[in-house]
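> Here's a sequence, model it:
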Amino acid sequence: MATKITAPSTVTGDSTFGPVTLSFTDGVAEVDAVSDGLRNYLEKTGYTVEKPRPARRRTAKPVDEDGETNAD
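Got it, this is the predicted structure:
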């Protein structure tokens, strides 16, 4: 999942931060990963950095001897 970065304004285009270039569309960029240093800098300068949330794991329903799920 990608990390979403929202600029303080609705900028469209590339912004370079050291060795990293972020491509913004309507103020939003998505990247695979953000270093802690870049995250701290962006947040201090008004950007919002949203960490990706892990996918929810579904819990298995209990199954009895004949392979039926139990509807407790």
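> for this structure, which spans come out with low pLDDT?
1, 55, 58-64, 67-72 (pLDDT under 70).
> Which residue ranges of it form strands?
3-6, 13-17, 20-24, 28-31, 48-50 (DSSP state E).
> any chance of those in CSV, with mean neighbour count too?
Placement of C-beta: from N, CA and C, glycine included. CSV is the format used below for those (neighbours: other Cβ atoms under 10 Å):
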stretch, mean neighbour count
strand 3-6, 17
strand 13-17, 11
strand 20-24, 15
strand 28-31, 17
strand 48-50, 14
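> need those strands in JSON lines with distance to residue 56, can you?
Formatted as JSON lines, these follow (distance: least, Cβ to Cβ, whole Å):
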{"stretch": "strand 3-6", "distance to residue 56": "18"}
{"stretch": "strand 13-17", "distance to residue 56": "32"}
{"stretch": "strand 20-24", "distance to residue 56": "28"}
{"stretch": "strand 28-31", "distance to residue 56": "20"}
{"stretch": "strand 48-50", "distance to residue 56": "17"}
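> Residue 17 contacts residue 41, doesn't it?
Yes - using Cβ atoms under 8 Å as the test, residue 17 is close enough to residue 41 to be in contact (6.8 Å).
> what's the closest non-adjacent residue to residue 5?
residue 29 (4.6 Å; Cβ to Cβ, 6 or more residues apart in numbering).
> what does residue 2 give?
Nearest non-adjacent residue to residue 2 (Cβ to Cβ, 6+ apart): residue 30, at 4.0 Å.
> And residue 22, by the same measure?
Residue 22 sits nearest to residue 29 (Cβ to Cβ, 6+ apart), 4.2 Å away.
> so what's the one you found up against?
When contacts are counted by Cβ atoms under 8 Å, 6 or more residues apart in numbering, residue 29 touches 4-5, 7, 15, 22-23.
> again, only this time at 6 Å
The contact partners of residue 29, by Cβ atoms under 6 Å, 6 or more residues apart in numbering, come to 5, 22-23.
> ok, of the residues you listed, which one's closest to residue 51?
residue 5 (10.8 Å; Cβ to Cβ).
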